[in-house]
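Trainee: need a 3D model of the following:
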Amino acid sequence: RRGREVSTGCSTDKTSITHKMPISCISLHPRKLILASASDDRSWRLWALPVGQMMLTGEGHSDWLSGCSFHPDGSKLATTSGDTTVRLWDFSRGCCVLTLSGHCQVTWGCSFHSCGHFLASCSADKTVKLWDLKSQLCLLTLRRHTTSVNSVCFLPFSNLLLSCSADKTLALWDARLGVCTTTIHGHLHPCNHASFSPAGNVVASCDSSGVVNLWDIRKPASAMATVDAGSLGANQVVFSPFGKMLAVACSDRLVKLVKVDSRAVSTLSGHSDGVQSVTFDHTGESVMSAGSDGLINMWSEHEVNEETKK
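Mentor: Prediction:
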């Protein structure tokens with residue numbers, strides 16, 4: 001598994017015990033204060049924030065879950081798994097309504113197009129697949145990477161798709177045509193995750209050595225900035241809603257907060273094992289993280305601001 005480290009550390013009073021096994025991914029509902037989590041225990045769960053009360057859970061994958069992503073209208077959840085499939089879950093029906101089979105190795109993550117009709121998935125089989133949810137067919141298989149594709153995401157309200165790979169590269173795709181428009185080189189170690197800034201002009205990526213790079217997609221020949229997030233792997237990197245800050249989930253048990261303008265780094269501690277996933281709330285004032293310790297940590301606006309002032 002990517003970025004898994006065994007370690008010990010302190011705890012925080014902002015913790016909810018959520019799964020008995022490692023949590024690989026969390027995802028925030030597009031409008032509501034609801035958080036989804038995906039775990040090695042083969043289940044996903046929905047949590048009401050900020051109290052952390054479980055609202056719903058689902059099981060059906062035959063192996064551990066690697067990722068989860070909300071449908072743009074918030075009514076469904078897509079999950080990826082070690083069983084090589086992608087599943088779509090309908091909350092109103094409380095069950096899996098679609099299983100997408102086609103990848104031949106573990107699926108690492110998925111991303112919905114803003115229209116909600118298409119879903120992109122990435123896999124250790126070196127490919128990205130684009131699925132038509134209405135016809136339940138794979139429209140395109142994107143081949144460019146030479147080893148595992150570890151993350152994939154659509155730029156909102158566009159056909160631009162971003163992938164990153166253990167081959168140390170990122171790729172930008174025209175998902176309508178199935179064409180790779182740009183390959184970005186610069187990481188010296190396998191890339192674990194990449195994401196767009198809210199404006200869509202900057203990409204952040206992180207790798208297994210703890211390096212975070214920022215790229216101007218109009219001038220991707222070299223990174224516009226590089227940040228050292230620690231000696232162990234960086235597993236996920238996300239922008240705050242207004243693009244002023246990055247949150248990085250790190251294998252050293254810490255969440256690193258990076259100010260995009262100054263590159264200043266601060267930390268949030270509270271996990272006792274590697275942090276696998278991180279997200280901001282809709283305002284960017286709170287941070288949530290999940291890790292191999294099976295916990296979800298939630299930091300309030302006050303706690304985040306205090307750390308970033310240091």
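Trainee: just the terminal-to-terminal distance for stretch 148-160.
Mentor: With CA to CA, to the nearest Å as the measure, stretch 148-160 spans 20 Å from end to end.
Trainee: would you mind listing the buried residues in it?
Mentor: Neighbour counts using 16 or more other CB atoms under 10 Å place 148, 149, 150, 151, 152, 153, 154, 155, 159, 160 of stretch 148-160 among the buried residues. (Glycine included, C-beta is placed from N, CA and C.)
Trainee: farthest pair within those residues?
Mentor: 148 and 159 (24.0 Å; CB to CB).
Trainee: lowest-confidence helix or strand of this structure?
Mentor: helix 301-309 (a mean of 59; mean pLDDT, DSSP states H and E).
Trainee: my guess is residue 202 contacts residue 243. True?
Mentor: Yes: taking CB atoms under 8 Å as the definition, residue 202 is a contact partner of residue 243 at 7.4 Å.
Trainee: so what sits against both of the two?
Mentor: Common contact partners of residue 202 and residue 243 (CB atoms under 8 Å, 6 or more residues apart in numbering): residue 260.
Trainee: would you mind listing the outside residues contacting stretch 212-228?
Mentor: Outside stretch 212-228, the residues touching it (CB under 8 Å, 6+ apart) are 170, 172, 182, 184, 186-187, 200-207, 210-211, 229, 234, 237, 246, 248, 256, 258, 260, 263, 265.
Trainee: excluding chain neighbours, what is closest to residue 104?
Mentor: residue 125 (4.8 Å; CB to CB, 6 or more residues apart in numbering).
Trainee: quick check, that neighbour in contact with residue 102.
Mentor: No: look at residue 125 against residue 102 with CB under 8 Å: they stay out of range, at 9.3 Å.
Trainee: the two - which one has more neighbours?
Mentor: Between residue 125 and residue 102, residue 125 has the larger neighbour count (other CB atoms under 10 Å), namely 20 against 17.
Trainee: next, that one: secondary structure please.
Mentor: Secondary structure, DSSP: H, G, I helix; E, B strand; the rest coil: residue 125 is coil.
Trainee: for this structure, give me the ranges with low pLDDT.
Mentor: Scanning the chain for pLDDT under 70 picks out 1-16, 301-310.
Trainee: please redo it, this time with the cut-off set to 50
Mentor: Where the chain drops to pLDDT under 50, the residues are 1-13.
Trainee: what segments of the stretch 201-310 of the chain are strands?
Mentor: Under the criterion DSSP state E, counting those that start in this stretch, the stretch 201-310 of the chain contains strands at 202-207, 211-216, 225-228, 234-239, 245-250, 254-259, 265-269, 275-280, 287-291, 295-299.
Trainee: which one of those lies closest to residue 83?
Mentor: Closest approach to residue 83 among those is made by strand 275-280 (18.6 Å; CB to CB).
Trainee: tell me what angle that closest one forms with strand 234-239.
Mentor: Going by axes from the mean of the first three to the mean of the last three CA atoms, to 10 degrees, strand 275-280 is angled at 0 degrees with respect to strand 234-239.
Trainee: partner strands of strand 275-280, parallel or antiparallel?
Mentor: Strand 275-280 pairs in its sheet with strand 287-291 (antiparallel), by DSSP bridges.
Trainee: and residue 114, which of the strands of the stretch 201-310 of the chain is closest to it?
Mentor: From those, taking CB to CB, the stretch that ends up closest is strand 234-239, at 16.6 Å.
Trainee: identify the residues contacting that closest one?
Mentor: Defining contact as CB under 8 Å, 6+ apart, one finds that strand 234-239 is touched by 2-3, 151, 192-198, 204-208, 210-212, 245-251, 256, 260, 274-280.
Trainee: how far off centre is it?
Mentor: Distance of strand 234-239 from the chain centroid (CA atoms, centre = their mean, to the nearest Å) equals 7 Å.
Trainee: dump it to PDB, keeping only the CA atoms.
Mentor: Provided in PDB are the C-alpha atoms of strand 234-239 (Å, rounded to 0.1, in the frame of the first residue of the first chain):
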ATOM      1  CA  ALA A 234       3.400  12.700   1.400                       C
ATOM      2  CA  ASN A 235       0.200  10.800   0.600                       C
ATOM      3  CA  GLN A 236      -2.300  13.500  -0.400                       C
ATOM      4  CA  VAL A 237      -2.200  17.200  -1.100                       C
ATOM      5  CA  VAL A 238      -5.300  19.500  -1.400                       C
ATOM      6  CA  PHE A 239      -5.900  23.200  -1.800                       C
END
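Trainee: list the buried residues for it?
Mentor: 234, 235, 236, 237, 238, 239.
Trainee: save those as a markdown table, and put in distance to residue 285 too.
Mentor: Below are the buried residues of strand 234-239 laid out as a markdown table (distance: CB to CB, whole Å):
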| residue | distance to residue 285 |
| --- | --- |
| 234 | 23 |
| 235 | 23 |
| 236 | 20 |
| 237 | 19 |
| 238 | 15 |
| 239 | 14 |
